[in-house]
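Enquirer: Below are the sequence and a predicted model for it; my questions follow.
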Amino acid sequence: MTHDHLDAPIRAASRPFGRVLTAMVTPFAVDGALDVDGAARLADHLVSQQGNDALVVNGTTGESPTTTDAEKERLIRAVVEAVGGRARVVAGIGTNDTRHTIELAASAEKAGAHGLLVVTPYYNKPPQAGLLRHFTAVADATGLPVMLYDIPHRSGVPIATETLVRLAEHGRIVAVKDAKGDLTATSWVTSRTDLAYYSGEDVLTLPALAVGCVGVVGTSTHFTGVETKRMIEAFDAGDTATALAGHRRLLPLFTGIFRTQGTILVKAGLVAQGLPAGPVRPPLVEATAAEVAQLRADCAAAGLPLPE
């Protein structure tokens, strides 16, 4: 085990995908069909009005478990066409089948994606040797930069620190979406590698910056993108008081968007704003009246009230 980074000067980590990324919901039509035009309009809103540097499409927030491979490719193409000249488009391609993941990676590259988000294989619980082989095979399959997605509470398996350190040696594995909720583990990886760490939990963005993270892949950032970016920029400038004030102001939405499954509340909020969203696909269900009322209260408490 080497700890060369521990003695190295602290420096600003690279940001291959910028500071603020949103895991974008996938708009559907009333009949449940993919709303390609709506996706393009929502992507434009998130970049032009919410200040996102990049968008993640076909992630879990985008209901990827319920979209077909063909729909995934159409969505990437639509979003790249809408905002690809102004923001990075990162395609979620992870599955629990290495061969299928590689196929989705190739499709995403062909569709014009700028990067890949690859989640830990879920449910089948591979050992660390399996994770190393899986992620390496996917990174070898295209010329796109890869962001690993470490979310053990959903996948069932964490990516161990030593595995992350080994994966960091791959030239195209450049970043991690960190939803492990373990800032000690995060600290070790950011101190030993050049991986760009992005908080995968909105509420932990500020604490994560303090241990070497460079930004966030958010859900509440459908609504808080501008303010979240200001918080990160304040921290970068050494103005921790302003960053902390921003964190505290946004807490009601950082946490409230997850009172039920995040996609459900994001879509409810977008509908209230008159933005493309549409229904969710089963097995998700629409937000209840009580959940929408609570979302309105959370938005108001964060200083970002929804239109009546």
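Expert: Happy to help now that I have it. Numbering: from 1, shown residues only.
Enquirer: any idea where the strands of the stretch 1-150 of the chain begin and end?
Expert: Here the stretch 1-150 of the chain has its strands, by DSSP state E, counting those that start in this stretch, at 20-23, 54-57, 88-92, 115-119, 146-150.
Enquirer: who wins for proximity to Pro305 among those strands?
Expert: strand 20-23 (19.8 Å; CB to CB). C-betas here are computed from N, CA, C, even on glycine.
Enquirer: picking that back up, so can I have TSV of the strands of the stretch 1-150 of the chain showing mean neighbour count?
Expert: Below are the strands of the stretch 1-150 of the chain laid out as TSV (neighbours: other CB atoms under 10 Å):
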stretch	mean neighbour count
strand 20-23	29
strand 54-57	29
strand 88-92	28
strand 115-119	25
strand 146-150	27
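Enquirer: of all those strands, which lies closest to Thr228?
Expert: Thr228 lies closest to strand 20-23 among these, at 5.5 Å (CB to CB).
Enquirer: what sits up against that closest one?
Expert: Here strand 20-23 makes contact (CB atoms under 8 Å, 6 or more residues apart in numbering) with 46, 50-56, 59-62, 88, 90, 92, 198, 215-219, 221-222, 225, 228-229, 232.
Enquirer: Show only the entries of those found in helices.
Expert: Leu46, Thr221, His222, Gly225, Thr228, Lys229, Ile232 (DSSP state H).
Enquirer: And those, which is closest to Leu284?
Expert: His222 (16.1 Å).
Enquirer: mind showing which ranges of the stretch 1-150 of the chain have poor pLDDT?
Expert: Where the stretch 1-150 of the chain drops to pLDDT under 70, the residues are 1-13.
Enquirer: Can you say which of the strands of the stretch 1-150 of the chain is nearest to Ala208?
Expert: strand 146-150 (12.4 Å).
Enquirer: quick one, strands of the stretch 201-308 of the chain?
Expert: 215-218.
Enquirer: buried subset of the contacts of strand 20-23?
Expert: Buried members of those, scored by 16 or more other CB atoms under 10 Å, are 46, 50-56, 59-62, 88, 90, 92, 198, 215-219, 221-222, 225, 228-229, 232.
Enquirer: ok, now which ones touch Thr61?
Expert: Ala23, Met24, Val25, Thr219, Gly262, Thr263, Val266.
Enquirer: Then Leu306?
Expert: With the criterion set at CB under 8 Å, 6+ apart, Leu306 makes contact with Gly269, Ala272, Gln273, Leu295, Arg296, Cys299, Ala300.
Enquirer: Same question for Ala210.
Expert: Phe235.
Enquirer: Quick check, pLDDT for it.
Expert: For Ala210, the pLDDT comes out at 97.
Enquirer: Let me know the distance separating Gln50 from His170.
Expert: Between Gln50 and His170 the computed distance is 32 Å (CB to CB, to the nearest Å).
Enquirer: now swap in Ala111 and tell me
Expert: Ala111 sits 23 Å away from His170, going by CB to CB.
Enquirer: out of those two, which sits in the busier spot?
Expert: Per other CB atoms under 10 Å, whichever of Ala111 and His170 has more neighbours is Ala111, with 20 against 15.
Enquirer: That one against Ala78, yeah?
Expert: No: Ala111 is not in contact with Ala78 according to CB atoms under 8 Å; the separation is 9.3 Å.
Enquirer: Give me the common contacts of those two.
Expert: Counting by CB under 8 Å, 6+ apart, no residue touches both Ala111 and Ala78.
Enquirer: For the strands of the stretch 1-150 of the chain, give me a markdown table that also has distance to Asp236.
Expert: Shown next, in a markdown table, are these (distance: least, CB to CB, whole Å):
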| stretch | distance to Asp236 |
| --- | --- |
| strand 20-23 | 12 |
| strand 54-57 | 17 |
| strand 88-92 | 19 |
| strand 115-119 | 22 |
| strand 146-150 | 20 |
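Enquirer: Which one, of the ones you listed, ends up nearest to Val203?
Expert: Between these, strand 20-23 lies closest to Val203; by CB to CB that is 14.8 Å.
Enquirer: Skipping adjacent residues, who's closest to Thr255 in space?
Expert: Spatial nearest neighbour of Thr255, chain neighbours left out: Val203 (5.5 Å); criterion: CB to CB, 6 or more residues apart in numbering.
Enquirer: Tell me, what's the model's pLDDT at Glu308?
Expert: For Glu308, the model assigns a pLDDT of 87.
Enquirer: how close does it sit to Gly278?
Expert: Distance, Glu308 to Gly278, using CB to CB: 21 Å.
Enquirer: More neighbours: the two, which one.
Expert: The neighbour comparison of Glu308 against Gly278 (other CB under 10 Å) goes to Gly278, with 20 against 5.
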